[in-house]
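**Student:** no FASTA, just this:
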Ligand SMILES: *[C@@H]1O[C@H](CO)[C@@H](O)[C@H](O)[C@H]1NC(C)=O
Ligand SMILES: *[C@@H]1O[C@H](CO)[C@@H](O)[C@H](O)[C@H]1NC(C)=O
Ligand SMILES: *[C@@H]1O[C@H](CO)[C@@H](O)[C@H](O)[C@H]1NC(C)=O
Ligand SMILES: *[C@@H]1O[C@H](CO)[C@@H](O)[C@H](O)[C@H]1NC(C)=O
Ligand SMILES: *[C@@H]1O[C@H](CO)[C@@H](O)[C@H](O)[C@H]1NC(C)=O
Ligand SMILES: *[C@@H]1O[C@H](CO)[C@@H](O)[C@H](O)[C@H]1NC(C)=O
């Protein structure tokens, strides 16, 4: 083959590869994830699953004496029919069984992960439960491994889990189950690091919980953006943000394509101290309505229309807030959700996920997210 020909031929190939690679990257299916849980009192059959690629059914429990994963008898009817129900509107949506959650006891996870036999019991029972309830995958929501021993054991656990999934798929001839981790907003948990190589190898992707940075029960004295994408250089601010967390994950070696950005479909309501000062980081005195002050997006919409509340989008931090009288609510509305998905798109993240689908109002946030992905 003449030299000139071979050179231009390989040049052509590299151009084609370049085009293919970029085409491939830009058209790879983005993850549009959403959690559902029974306590939301939102019927599974009402989920508009056409707006999602992955739906997470939350939560399965970890038994503190046997270390088996179980589905409580009260949840069993809805969990066992979850997949067939959401696939009616979207036959290609994938479903995952989420294990744990913020209300489960992290020390039970610690104890489970600390011994090889317990890990095996946990892993085997999780696979059995996923298969017998027709889920496409499992989601580990241990909030959070919080000692260096926990982090090491978490690494062992997810490594062994991946191996077990590979073996089970080979033996059953079924498509391998997905494995997802719901993780801290940053790869660095109060100066402890996740063992990144294990996280990369074991999980198909991770759900980055980029919210709950502020709330009236832990920041009672001033209003704040609960799930800011960017931090504000303000004396009252804690400098935490979704962008900071994503940059930590990428800096630690995590591929951007495996990071799925969390977006809350809820906010928090503070009680203003002085109703003339109703911006971000203005003075407050705890939760507006008692409890932790959390409100779902549809409740917030109701509050806004009933009280003709004034609403503002702050693009510096990427948060919406609205207020009426002495009630002030920080949350994500259409503009914040769209800006966060645009951020995920620009930074080539794997997708976004929401907590929780039942809090949407006429699917406007879900549709804004879907539209932004294009
Ligand atoms: C579900 O979402 C799709 C896509 O945005 C929309 O066309 C449809 O009207 C929605 N269904 C309901 C019941 O809101
Ligand atoms: C855990 O498992 C044990 C043994 O099967 C059972 O007796 C116990 O009720 C379970 N605990 C919960 C909270 O389900
Ligand atoms: C909020 O303000 C009160 C009274 O000024 C103070 O005692 C308390 O420590 C403050 N709380 C926080 C979390 O800063
Ligand atoms: C955690 O990771 C960060 C960034 O990769 C690194 O700078 C830091 O030293 C690590 N901390 C520990 C305790 O290993
Ligand atoms: C804040 O609320 C508490 C009661 O919840 C009250 O005792 C306190 O005086 C209030 N602080 C201010 C500055 O109004
Ligand atoms: C967002 O709020 C901060 C704090 O009040 C303010 O400094 C900033 O200018 C606001 N950004 C926009 C775009 O209004």
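**Tutor:** Thanks, I have the structure now. Everything quoted here is computed from the prediction, not taken from an experiment. Residues are numbered from 1 along each chain as shown. Ligands and ions are numbered 1, 2, ... in the order given.

**Student:** what about residue 225, which SS state?
**Tutor:** Taking DSSP: H, G, I helix; E, B strand; the rest coil as the rule, one finds residue 225 in the coil state.

**Student:** so residue 201 touches residue 160, yeah?
**Tutor:** No - Residue 201 is not in contact with residue 160 according to CB atoms under 8 Å; the separation is 11.5 Å. All C-beta atoms are positioned from the backbone trio N, CA, C, and that covers glycine.

**Student:** between those two, point out the one with more neighbours.
**Tutor:** Taking neighbours as other CB atoms under 10 Å, residue 201 and residue 160 compare with residue 160 leading, 17 against 12.

**Student:** kindly confirm my reading that the more buried one is in a strand.
**Tutor:** No - with three-state DSSP as the criterion, residue 160 is assigned helix and is not in a strand.

**Student:** ok, now which ones touch it?
**Tutor:** Listed by CB atoms under 8 Å, 6 or more residues apart in numbering, the contact partners of residue 160 are 116, 119-120, 123.

**Student:** so which of these wins on neighbours?
**Tutor:** residue 123 (23 neighbours).

**Student:** around ligand 1, pick out the residues from the stretch 51-200 of the chain.
**Tutor:** The stretch 51-200 of the chain has residues residue 51 near ligand 1, with proximity defined as CB under 6 Å from any ligand atom.

**Student:** quick check: chain neighbours aside, which residue is closest to the residue in the chain that ligand 2 sits nearest to?
**Tutor:** Using CB to the nearest ligand atom, the single residue of the chain nearest to ligand 2 is residue 63, 3.8 Å away. Here the nearest residue to residue 63 in space, its sequence neighbours aside, is residue 70; by CB to CB, 6 or more residues apart in numbering that works out to 5.5 Å.

**Student:** surely the one you found and residue 76 touch.
**Tutor:** No - using CB under 8 Å as the test, residue 70 is too far from residue 76 to be in contact (9.5 Å).

**Student:** who's more crowded, the two?
**Tutor:** Shown here are residue 70 and residue 76; by other CB under 10 Å, residue 70 has more neighbours (15 against 12).

**Student:** tell me the bridge partners for the more buried one.
**Tutor:** Per DSSP bridges, the residues bridged to residue 70 are residue 61.

**Student:** measure it to ligand 5 for me?
**Tutor:** Going from residue 70 to ligand 5 by CB to the nearest ligand atom, to the nearest Å gives 40 Å.

**Student:** need the contact list for that residue.
**Tutor:** With CB under 8 Å, 6+ apart, residue 70 has these contacts: 60-63, 125, 129.

**Student:** burial count for residue 360?
**Tutor:** Neighbours of residue 360 under the rule other CB under 10 Å: 25.
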